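Trainee: got a structure for you, letters missing:
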């Protein structure tokens, strides 16, 4: 059972380039999340999808877009990357909003030069 | 919005010593999650607490949620090098629609010296 799979694991972009981070879960979870982790800032929620077909902004959505492609997949897109988006990105999923833990992917380390 | 403050920010202990990490919320907690992260890896779930006064243990780690539900503590007994890492607490913003959103503390970095 793979759990939450993120690709790529590492990526280097130049300022202004675009890219999509992919996330897939095989646990039939309803909710999926994208977080970024920066030194001294902890984990901050970018976007989440409470269920298939819905997406909502989290704490730091500016500069990002998301797509809940189907129940399994939730992608995060950077249309025009900026150095401030250099971070480690984590995707997570869970079955229900209450009483269920988040399962995290192993992260994507993104550097924007 | 709800904020979770963790203390201490970092901790260095000698192997075999006990330690406690605290997580304090600015609002009532509707559940509290503890995760551990090793450098360069994802987050590993440790425990979840839901009710005020609840206490859970797994191996040498015990977590409590206080009666007033605004603070949680994570206690490690007889620490080992394998306990080293970053510990994060997380909680839903509210009990309603906000329960979909989990906010996290900034983490406590634990180092265990052999």
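Mentor: Perfect, I can see it now. Keep in mind it's a predicted model, so treat the numbers as computed, not measured.
Trainee: Could you report the separation of the residue in chain A positioned nearest to chain B from residue B:110?
Mentor: Nearest to chain B in chain A, going by C-beta to the nearest C-beta, is residue A:42, at a distance of 3.6 Å. (C-beta placed from N, C-alpha, C; glycine too.) The gap separating residue A:42 from residue B:110 is 15 Å, by C-beta to C-beta, to the nearest Å.
Trainee: next one: residue B:91
Mentor: Distance from residue B:91 to residue B:110, by C-beta to C-beta: 20 Å.
Trainee: Of the two, give the one with the bigger neighbour count.
Mentor: Using other C-beta atoms under 10 Å in any protein chain shown, the more surrounded residue of residue B:91 and residue B:110 is residue B:91, with 27 against 21.
Trainee: What is the helix or strand hosting the more buried one packed up against?
Mentor: Assessed by DSSP states H and E, residue B:91 sits inside strand B:85-92. Here strand B:85-92 touches strand A:42-49, strand B:4-7, strand B:19-25, strand B:32-37, strand B:71-76, strand B:102-104, strand B:108-113, going by 3 or more C-beta pairs under 8 Å, 6 or more residues apart in numbering or on different chains; DSSP states H and E.
Trainee: Give me the angle between the last one and strand B:19-25.
Mentor: Between the axis of strand B:108-113 and that of strand B:19-25 there is an angle of 180 degrees, by axes from the mean of the first three to the mean of the last three C-alpha atoms, to 10 degrees.
Trainee: now the fifth one
Mentor: For strand B:71-76 against strand B:19-25, the angle by the same axes, to 10 degrees is 160 degrees.
Trainee: Any part of strand B:71-76 near chain A?
Mentor: No. Contact of strand B:71-76 with chain A (C-beta under 8 Å from any C-beta of the partner chain) is absent, the minimum separation being 14.8 Å.
Trainee: Each with direction, which strands does the strand holding residue B:91 pair with?
Mentor: strand B:32-37 (antiparallel), strand B:102-104 (antiparallel), strand B:108-113 (antiparallel) (DSSP bridges).
Trainee: residues contacting the residue sitting nearest the centre point of chain A?
Mentor: The centre of chain A sits closest to residue A:34, judged by C-alpha atoms, centre = their mean, with a distance of 2.8 Å. Contact partners of residue A:34, counting by C-beta atoms under 8 Å, 6 or more residues apart in numbering or on different chains, are A:21, A:23, A:45-48, A:58, A:64, A:66, A:74, A:76, A:89-92.
Trainee: Check residue A:32 too.
Mentor: Applying C-beta under 8 Å, 6+ apart, we find residue A:32 in contact with A:23, A:25, A:48-49, A:68, A:74, A:91-93.
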